[in-house]
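A.B. asks: how does the following fold in three dimensions:
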Amino acid sequence: TFRGNPARTGVYLSPGPKTTPNLLWQFSTGAAVWSSPAIYEGVAYFGSLAGLFAVDIHTGGEIWRFDTNGAVISSPTIAYGRVYFGSQDGNLYALQLESGEEAWRFRTGDVIFSSPAVSDGVVYIGSEDGFLYAVDATTGESSWRFEVEGIVEPDDGIYKGVYASPAISEDKVFFGSAQVGGASADLFFYALDKHTGQKRWEHPDFNFITSPAVSQGVVFYGGFGSLVGLNIEDGSLVYDLPLGIISAEPALHDGVLYCTNEDGYLFAIDLGTGDEKWSYDIGERVNAGPAIADGVLYFGTEAGVIRALDSRSGDMLWTYETGGWFSSAPVISNGVLYIGSGDGYLYAFQ
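C.D. replies: Coordinates of the predicted model:
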């Protein structure tokens, strides 16, 4: 699933390449890849502007593809023998893993950028129509939906929506609202009961809210000028770290938070003290949150460079230049790093 687990921490259990890797293969979709892959039983499932693809991770060969009527920016989740993902055609899809045949689709009122989370037989996903949806994973029937607060002024091109990918911890689902159009907005970060959709609490914010990550009883997200951490039980403010504009989701591991800002810096923050352990001047914008595996941070930049840093010291371990920008978060599985690129390729490095 997106960011490695339902809590969206960006942590992967398998080690990845620690020295300059070899390119195992690259698979061309013919269109930019924003989606992060889900790796399961020898297959990489991922979306691009050309649809959803299933690719053999050993050979890089196509197994099947599924065409939607819109781009697939949503990162898929694997559960119950199916792959779940959203499309810009406004549908949440469930496909059979082996064949790619459609099991069901659920129609929302607008495009979907959000990546689904699956828990206890329910799929949770946001839509730009302003709702977070809970959908039965087996039947595709609606369990509940929750409408976010916000401004809707169609004549001025202003709409509220849910761009963020939800995170799940214990009995709650966490996500933030968004505004489409207009210069700024008063937004909210929400915690809902995952079974009923009832609001447990909300936290007001301003102008930008990333997808969240949950660790040690705190839910974190990036905002317009800071990295925010809220108590998952009552929404009270635990952290408010003035790190600049945070436009990519953080990674969390072993009491340390890792995040990038729009000025091109990567920060490592000790959550015990709130102090900066180290920072790294990337010199390029990073559009997707870093992944962490066995003491190494991996991320791709807007300039088309994959970087690996030692998570303890912030020292650079290796870089690899490709032909296109990255807005796909890397995924680590069995020693291999997978990442999608704006040049239309999914890459596999070992």
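
A.B. asks: average pLDDT for stretch 16-34, rounded please.
C.D. replies: For stretch 16-34, the mean per-residue pLDDT is 96.

A.B. asks: same thing with stretch 202-219?
C.D. replies: Mean predicted lDDT for stretch 202-219 stands at 90.

A.B. asks: buried residues, that stretch. List them.
C.D. replies: Residues of stretch 202-219 classed as buried by neighbour count (16 or more other C-beta atoms under 10 Å): 202-203, 205, 207-215, 218-219. Quick note: C-beta positions are derived from backbone N, CA and C, even for glycine.

A.B. asks: count of neighbours near residue 238?
C.D. replies: A count of nearby residues for residue 238, using other C-beta atoms under 10 Å, gives 17.

A.B. asks: who does the helix or strand hosting it touch, helix- and strand-wise?
C.D. replies: Using DSSP states H and E, residue 238 sits within strand 237-241. Applying 3 or more C-beta pairs under 8 Å, 6 or more residues apart in numbering; DSSP states H and E, we find strand 237-241 packed against strand 218-222, strand 227-231.

A.B. asks: swap in 6 Å and give it another go.
C.D. replies: strand 227-231 (3 or more C-beta pairs under 6 Å, 6 or more residues apart in numbering; DSSP states H and E).

A.B. asks: show residues contacting the strand it packs on.
C.D. replies: Residues outside strand 227-231 that contact it (C-beta atoms under 6 Å, 6 or more residues apart in numbering) are 203, 218, 219, 220, 221, 238, 239, 240, 241, 243, 246, 259.

A.B. asks: thinking the first one is in contact with residue 235, fair?
C.D. replies: The reference is to residue 203. Yes: with contact defined as C-beta atoms under 6 Å, residue 203 reaches residue 235; the gap is 5.0 Å.

A.B. asks: what about residue 3, which SS state?
C.D. replies: The three-state assignment at residue 3 reads helix, by DSSP: H, G, I helix; E, B strand; the rest coil.

A.B. asks: how much space is there between it and residue 273?
C.D. replies: The gap separating residue 3 from residue 273 is 25 Å, by C-beta to C-beta, to the nearest Å.

A.B. asks: those two: who's more crowded?
C.D. replies: More neighbours surround residue 3 than the other of residue 3 and residue 273, with 29 against 9 (other C-beta under 10 Å).
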